[in-house]
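Visitor: Give me a 3D structure for the following:
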Amino acid sequence: ARHFARNMGDMGKGEKVATFRQSPPHLGNQYLEDGYVRDVLRRVVPVPLLSSIEPDLTRFGARVLQDILTYGRAAENNPPRLIQVDQWGERVDKIVVDHGWERLKDISAEEGLVSIGYEREKYGEFARVYQYMKTYLFSASCGIFDCPLAMTDGAARLIELYGNEDMKKRIYPRLVSRDPSTFWTSGQWMTERPGGSDVGNSETVAAPSAAGPSGSYAVNGYKFFTSATTSECAVILAKIRDEKTGKVGAGSKGLSTFLVETAHPDDPKKLNNLKVHKLKVKFGTKAVPTAELELLDTPAQLIGQPGRGVPIIASILNITRMHNSVNAISMMRRGIAIARDYAHRRSVFGRLLSDLPLHLSTIAEMEVQMRGSMQLLMHVCLIMGRIETGKASKDDEALMRILTPLIKLYTAKQAIAVCSESIECLGGVGYMEDSDMPRQLRDAQVLPIWEGTTNVLAMDVWRPIQTHDAFNVLARDVTSRLTAADKASATAAGLPAVTESLRKHMAELAQFVQQSTSSMDTETIAASARRFAFSLTKVYVGSLLVEHAAWSKKETDTFTAQSWCSAQGGFGLGLDSVVAGDESRRRLERALALDLDEHGAPRGCGHMGPDKCPRAK
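Guide: Below is the predicted model of the structure:
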């Protein structure tokens, strides 16, 4: 008090009161400082291929915090505007986006964020792994430009599988181009006022048109959500009107898939028989132009067979749901990276946050969530790669059908939880808008909604169970993985108890599936679908974490598998007894929370290199 009074008195003499300035968090190379992802890549990618792509991942890990982050923030701070009428009173429906959004499109082409996934001659079955790792680095910095990239990727795969010759020669090369001057992005216009996930209620109608090449239609309808509306093309669903009866097919079985080009062929500055009624005012993803629009005899080309819209569009959903998961895990990683760095800079009650066991335990739990999600992502990427290169088994195809909705529903929910926790790790400053943390939380909230809500996806899990025996395939996969881990030489202490518990819970899930499918009790299936989906995901991810721990033989990886399955980790699988004791647990939580390397030092120090990092000492 005397010190404060003396300072206040001194102010009259022209002296200033000393003020504290907190050092803000700094981020370093997002690939080099991600020790776990690098370990996972070493396990699943052949050494020669990893050696060839790792320099690019390292370079890109630095770039995502340079111009990409700057452009992403600029696009977020200057959201799209709709100019419906020009100065002469003419209806123009022009959507104006920030320059940063336009630059992110160019960068996406240059970096091959779509094209890499299709360069299979060069990268083989690992093309998707490479592509999604770059997208993972990109997502948290880019102002959600990975949204149009997701739909562009989906459209490219759709045309590759079902497109006609014109699409494959003229449009597909643009979607997978590395040249910004020729690169196109694609939208995805499915949601209508009568329903989003319930696409069978579509009111959009297509009628055969003599104009254009064979398979041309004129489409009329109102689309309630059109993401990335400034894209050069879009994939839509519509019902074909029968020329003789004038009727359209009922429900989802009447739907067909079409490709629309958004620019007028005679004047690229004008829309192609489209009317933009409004831009959506959203909770998050503010940089992404999302609109309500009307198709007025809009030219469109049929993709695939008439009436096969839902099965055909499924190939897009597999891609976009994977992108959704990549974004979710990227958001988790960025929040953890910021919280981790800040822990080395913020002192409370005379101690750094990085020295407080409770704070480290909190970050460690976040890290466990990210690690489990990353294992699932990498695993599904590998399956997708085998499918797209013709190397997949029937079991792979069944697994893809069930794992795609599981990874999407689980990672989306966890991203929200981890992003919220990362705000709390920064305290009040994390709640401030200019900290950039609230944006991440807002953007994460779209993840459980876009491409199917959690409940819709939970029901999607049951379709391949009933049609492709997917649960039994998944159960055999888990059993095989756990058996291999048990047999691995020098299996880490603690893993056998984890594998035993996972087997127990897998058996319980199998019993539920057997009872539900034998009785065909659809009400019980529906009521339990959400809990079943989350439980199944947790067990499957647990087996992946066990597999990785058996491979690496690292104590931290064994601890990650134990923590994933423990009630203390929030998952309720009843494995508290296998979690290490207090002293050992604190040591391992510190290693997870701070991503300590083999020498016990943190990986990098934000803006400083590891050799100059004071905390690394």
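Visitor: list the buried ones in the helix ranked longest in the chain?
Guide: If you go by DSSP state H, the chain has its longest helix at helix 309-343. Of the residues in helix 309-343, 309-310, 312-313, 315-343 count as buried by neighbour count, 16 or more other CB atoms under 10 Å. The way it works is simple: take the backbone N, C-alpha and C, and place the C-beta from them, glycine included.
Visitor: try stretch 233-250
Guide: By neighbour count, and taking 16+ other CB under 10 Å as the criterion, the buried residues in stretch 233-250 are 233-241, 248-249.
Visitor: for stretch 170-180, same thing?
Guide: Across stretch 170-180, burial judged by 16+ other CB under 10 Å covers 171-172, 174-178.
Visitor: If you count contacts, what does the longest helix of the chain end up packed against?
Guide: Judged by 3 or more CB pairs under 8 Å, 6 or more residues apart in numbering; DSSP states H and E, helix 309-343 is in contact with helix 127-139, helix 146-162, strand 233-240, strand 255-261, helix 357-388, helix 394-425, helix 437-444, helix 582-594.
Visitor: so which of these gets nearest T483?
Guide: For the helices and strands packed on helix 309-343, the distance to T483 is smallest for helix 394-425, at 16.0 Å, taking CB to CB.
Visitor: Identify, from the buried residues of stretch 170-180, the entry nearest to S202.
Guide: I171 (23.3 Å).
Visitor: before we move on, the earlier item: need the helices and strands packed on helix 309-343 in CSV (columns: mean pLDDT).
Guide: Output for the helices and strands packed on helix 309-343, formatted as CSV (pLDDT from 0 to 100):
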stretch, mean pLDDT
helix 127-139, 98
helix 146-162, 97
strand 233-240, 94
strand 255-261, 95
helix 357-388, 97
helix 394-425, 97
helix 437-444, 96
helix 582-594, 89
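Visitor: Throw the ones you listed into TSV and include distance to P80, thanks.
Guide: Putting those into TSV (distance: least, CB to CB, whole Å) gives the following:
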stretch	distance to P80
helix 127-139	19
helix 146-162	12
strand 233-240	16
strand 255-261	20
helix 357-388	30
helix 394-425	24
helix 437-444	15
helix 582-594	39
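Visitor: List of residues touching stretch 508-516?
Guide: By CB atoms under 8 Å, 6 or more residues apart in numbering, the residues outside stretch 508-516 that reach it are 465, 471, 475, 524-525, 528, 532, 535-536, 539.
Visitor: Now that we have those, which of them are buried?
Guide: Buried members of the contacts of stretch 508-516, counted by 16+ other CB under 10 Å: 465, 471, 475, 525, 532, 535-536, 539.
Visitor: The contacts of stretch 508-516 in helices, which ones?
Guide: Secondary structure defined by DSSP H assigns 465, 471, 475, 524-525, 528, 532, 535-536, 539 of the contacts of stretch 508-516 to helices.
Visitor: which parts of the helix or strand encompassing A291 are buried?
Guide: Taking DSSP states H and E as the criterion, A291 maps to strand 290-303. Within strand 290-303, the residues scored as buried using 16+ other CB under 10 Å are 290-295, 298-303.
Visitor: cool, and stretch 69-86?
Guide: Applying a neighbour-count criterion of 16+ other CB under 10 Å, the buried positions in stretch 69-86 are 69, 71-76, 78-80, 82.
Visitor: Then stretch 427-440?
Guide: For stretch 427-440, a neighbour-count test (16+ other CB under 10 Å) marks 430, 435-440 as buried.
Visitor: Compile the contacts of stretch 508-516 into TSV and extend it with columns for distance to S566 and pLDDT.
Guide: What follows is those, written out as TSV (distance: CB to CB, whole Å; pLDDT from 0 to 100):
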residue	distance to S566	pLDDT
I465	28	95
F471	25	97
A475	23	97
T524	29	84
I525	29	89
S528	24	92
F532	21	95
S535	15	95
L536	18	96
V539	14	96
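Visitor: on that earlier part again, the buried residues of stretch 170-180 in helices, which ones?
Guide: When the buried residues of stretch 170-180 are checked against helices (DSSP H), the matches are 172, 174-175.
Visitor: So which residues make contact with stretch 422-440?
Guide: Taking contacts as CB under 8 Å, 6+ apart, the residues outside stretch 422-440 that touch it are 22, 25, 73, 76, 140, 284, 331, 334-336, 338-339, 342-343, 346, 353, 359, 362-363, 366, 419, 441.
Visitor: What does the pLDDT read for G542?
Guide: We note a pLDDT of 96 for G542 in this prediction.
Visitor: Now do it against S563, distance only.
Guide: According to CB to CB, to the nearest Å, G542 and S563 sit 10 Å apart.
Visitor: Likewise for Y123?
Guide: Between Y123 and S563 the distance is 34 Å, computed by CB to CB.
Visitor: Among these two, which residue is more densely surrounded?
Guide: Neighbour totals were compared for Y123 and S563, and S563 leads with 29 against 21 (other CB atoms under 10 Å).
Visitor: That one belongs to a helix?
Guide: Yes: assignment of S563 by DSSP: H, G, I helix; E, B strand; the rest coil places it within a helix.
Visitor: isn't L406 right next to Y540, touching?
Guide: Yes: L406 is within contact range of Y540, at 7.2 Å (criterion: CB atoms under 8 Å).
Visitor: OK, contacts around the closest residue to G196 other than its chain neighbours?
Guide: If you skip the residues right next to it in sequence, G196 has F225 as its closest partner in space, 7.3 Å away by CB to CB, 6 or more residues apart in numbering. Each residue near F225 by CB under 8 Å, 6+ apart is listed here: 189, 191, 196, 280, 290, 292.
Visitor: that older thread, which one of the contacts of stretch 508-516 sits closest to K105?
Guide: Each of the contacts of stretch 508-516 was scored against K105 by CB to CB, and L536 proved nearest at 37.9 Å.
Visitor: quick one, what contacts the closest one?
Guide: With the criterion set at CB under 8 Å, 6+ apart, L536 makes contact with 406, 461, 474, 509.
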